[in-house]
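Engineer: Need coordinates for the following:
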Amino acid sequence: MNGTCVLALGFFDGVHLGHGGLLLRTRALADSLGLTAAALTFDTHPDTLVFGTDVPLLSTPADRAWLMRENYGIEQIFTLHFDAETMRQPWQDFVLQTVLLWKMQQFTLTQIILQTEI
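Structural biologist: Residues are numbered from 1 along each chain as shown. The predicted model follows:
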């Protein structure tokens, strides 16, 4: 595994088929570029802070990591803490800090693939 990766970004609650499409796209792009397939998830569901209500979790971060590895070939999974500061952070700052985190983890991002809820 090299130190350059393609990153899927999302909460991945339950790692359902919609998430699977994103993760398969990440795996395929990483394969085509000869890179590591990686995913970034959070320890807390963002809706918990956005709406101020508890969101029952379908899986733990460890469960999500196992499902992403086993079902979609994602090699590296990172879990970040999601709190009020993260929620209020402009997306540009979040991406910059994420890139810096990867530098500290000996990874360089080349592509970020995002999960959006519509």
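
Engineer: What are the boundaries of the helices in the chain?
Structural biologist: 17-33, 46-50, 61-72, 84-88, 91-104 (DSSP state H).

Engineer: who touches stretch 50-59?
Structural biologist: Stretch 50-59 has contacts (CB atoms under 8 Å, 6 or more residues apart in numbering) with 13-15, 45, 47-48, 67, 87. Just so you know, the C-beta spots here come from the backbone N, C-alpha and C atoms, and that holds for glycine as well.

Engineer: Repeat the analysis, applying 10 Å as the threshold.
Structural biologist: Residues outside stretch 50-59 that contact it (CB atoms under 10 Å, 6 or more residues apart in numbering): 11-16, 41, 43-49, 63-67, 87.

Engineer: Those residues, buried ones only, as a ChimeraX selection?
Structural biologist: Only the buried entries of the contacts of stretch 50-59 go into this ChimeraX selection, using 16 or more other CB atoms under 10 Å:
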select :11,12,13,15,41,44,45,48,49,64,65,67
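
Engineer: Could I get the CA-only coordinates of stretch 61-70 as CSV?
Structural biologist: In CSV, the C-alpha atoms belonging to stretch 61-70 read as follows (Å, rounded to 0.1, in the frame of the first residue of the first chain):
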residue,chain,number,x,y,z
PRO,A,61,-17.2,2.9,13.6
ALA,A,62,-15.5,-0.5,14.0
ASP,A,63,-18.5,-2.2,12.3
ARG,A,64,-18.4,0.4,9.5
ALA,A,65,-14.7,-0.2,8.9
TRP,A,66,-15.1,-3.9,8.8
LEU,A,67,-18.0,-3.7,6.3
MET,A,68,-16.1,-1.2,4.1
ARG,A,69,-13.0,-3.5,4.0
GLU,A,70,-14.9,-6.8,3.6
